[in-house]
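Undergrad: output the structure for:
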Amino acid sequence: MKMQALLSAVWGVGLLLVLCGARMGSARHNWHAPQTLYAFGDSFVDNGNLPRSPELGETSRQWFFPYGVSNDQGTTDEEKATGRFSDYLVQSDFIAKMMGLSLSPPPWQNTHGQTCGPTGMNFAFSTTGVFQISFWISLREQVDYFKTMIKSRKISKNHVTHSVALLASSGNDYKRFRFITNAWQVTDLAWNITTEIATNVERLQNLGVKKILVNNLHLLGCTPSFCRKHNYKACDEWANEATSKHNYFLEQKLGNKKGVLIVDMSSAFDHIIGHGNQDLAQGKQFKHIRKPCCESADHKGYCGQQDKNSNPLYSLCEDPRQYFFWDDANPTHAGWEAVMAQLQTPIKEFLGVA
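TA: Below you'll find the predicted structure:
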């Protein structure tokens with residue numbers, strides 16, 4: 001009887017330890033699940049860092065109609081246009097939703113880095129590149145801003161430790177140097193761009209970020225800005241070759257790096273806008289896979305452009321849901337939904353979120 005009682009007691013204690021361990025494991029999982037997002041890059045993730053201007057222009061158009069036209073949270077054109085290069089949301093918003101946040105964290109521009117809430121901050125500036133190719137800050141400078149806020153304790157190290165960094169480069173550097181035709185020069189360009197991306201990934205890790213999402217490059221040659229000259233029926237071979245080299249080098253440099261997930265934008269976009277992929281499930285939902293919903297009248301113009309009498313110098317589709325692209329470079333809200341639906345499982349598994 002004593003032995004039976006002893007065994008029963010041991011079994012009970014063991015069961016209690018197992019149950020406690022399960023609860024503690026669950027608690028640890030929840031504790032380590034990221035709650036904070038820091039976004040870097042360009043228009044794929046920017047949610048309002050290019051400053052609002054009283055006058056419509058190429059770098060302020062995202063604050064004016066028709067940008068945000070699908071935003072059901074606003075009632076006026078001014079409320080609908082939130083500084084995003086889309087008819088509603090962009091990639092950073094979808095990543096934030098996967099993490100349990102409502103939207104991408106606020107843009108750096110809101111406070112100029114003076115404060116940062118617990119959900120994180122968006123440092124991305126549209127029209128910028130990995131290198132300094134425009135007036136706006138480069139990827140390196142965005143990471144510099146992040147570093148400065150950590151050193152000044154505007155961003156706590158605890159938030160950094162339990163955060164995710166999203167790094168998006170959608171090809172602005174290649175657009176800037178599209179005049180390069182020599183194959184070796186294109187190879188060198190791709191090598192230098194991916195080296196700079198990898199360098200900034202390492203900088204983020206040295207600052208304490210444990211999980212980093214890095215976009216590879218989508219089919220640049222199949223975007224409206226490159227395939228407009230083909231009446232959107234064919235893709236630009238030079239740009240797609242640059243894309244291929246970019247993604248090859250990026251995989252070499254970051255593919256096996258701990259704490260880094262290369263987000264396969266290339267495959268996700270290819271399933272929709274690639275050669276002959278209109279018959280795939282992802283492409284069938286769009287009537288137009290390369291022609292943008294908002295198309296400038298002139299190839300050097302921009303979506304939303306007006307003449308001096310405020311007459312539109314662009315055409316706007318009736319239903320953005322039928323179009324994968326919103327403007328000459330960026331997907332519609334429906335386009336982003338289709339892309340992120342393909343990428344959701346590997347991203348969630350990497351982040352450790354349900």
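
Undergrad: please make it C-alpha for all contacts and neighbour counts, starting now.
TA: Will do.

Undergrad: now do the helices in the stretch 101-250 of the chain.
TA: 139-151, 157-161, 172-176, 183-206, 224-227, 237-254 (DSSP state H, counting those that start in this stretch).

Undergrad: now these in a markdown table, with distance to Gln109?
TA: Formatted as a markdown table, these follow (distance: least, CA to CA, whole Å):
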| stretch | distance to Gln109 |
| --- | --- |
| helix 139-151 | 11 |
| helix 157-161 | 20 |
| helix 172-176 | 21 |
| helix 183-206 | 20 |
| helix 224-227 | 28 |
| helix 237-254 | 30 |
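
Undergrad: out of those helices, which is the most enclosed?
TA: helix 224-227 (a mean of 23; mean count of other CA atoms under 10 Å).

Undergrad: which other helices and strands does that helix contact?
TA: Under the contact criterion of 3 or more CA pairs under 8 Å, 6 or more residues apart in numbering; DSSP states H and E, helix 224-227 touches no helix or strand at all.

Undergrad: now do that helix: everything it contacts.
TA: Identification of contacts with helix 224-227 by CA atoms under 8 Å, 6 or more residues apart in numbering yields 220-221, 232-236, 239, 290-292, 299, 325, 327-329.

Undergrad: now the residues you listed: which count as buried?
TA: Listed as buried from those are 220-221, 232, 234-236, 239, 290-292, 325, 327-329; burial here means 16 or more other CA atoms under 10 Å.

Undergrad: mind putting the residues you listed into a markdown table with distance to Asp77 and pLDDT?
TA: Output for the buried ones among the contacts of helix 224-227, formatted as a markdown table (distance: CA to CA, whole Å; pLDDT from 0 to 100):
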| residue | distance to Asp77 | pLDDT |
| --- | --- | --- |
| Leu220 | 30 | 96 |
| Gly221 | 32 | 96 |
| Tyr232 | 29 | 96 |
| Ala234 | 34 | 94 |
| Cys235 | 34 | 95 |
| Asp236 | 35 | 94 |
| Ala239 | 35 | 95 |
| Arg290 | 26 | 96 |
| Lys291 | 24 | 97 |
| Pro292 | 20 | 98 |
| Phe325 | 20 | 98 |
| Asp327 | 18 | 98 |
| Asp328 | 21 | 97 |
| Ala329 | 22 | 97 |
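
Undergrad: list just the nearest of these to Gly68.
TA: Asp327 (12.0 Å; CA to CA).

Undergrad: show me where this protein has strands.
TA: 36-41, 120-122, 163-168, 211-215, 260-263, 294-296, 314-316 (DSSP state E).

Undergrad: out of these, which is closest to Leu139?
TA: Among the strands of the chain, strand 36-41 sits nearest to Leu139 (CA to CA), with 6.0 Å.

Undergrad: low-confidence ranges, this protein, go.
TA: Flagging of the chain using pLDDT under 70 yields the residue ranges 1-32, 275-283.

Undergrad: nearest to Phe123 among the helices of the stretch 101-250 of the chain would be which one?
TA: Among the helices of the stretch 101-250 of the chain, helix 139-151 comes nearest to Phe123, with 5.8 Å by CA to CA.

Undergrad: thank you, goodbye.
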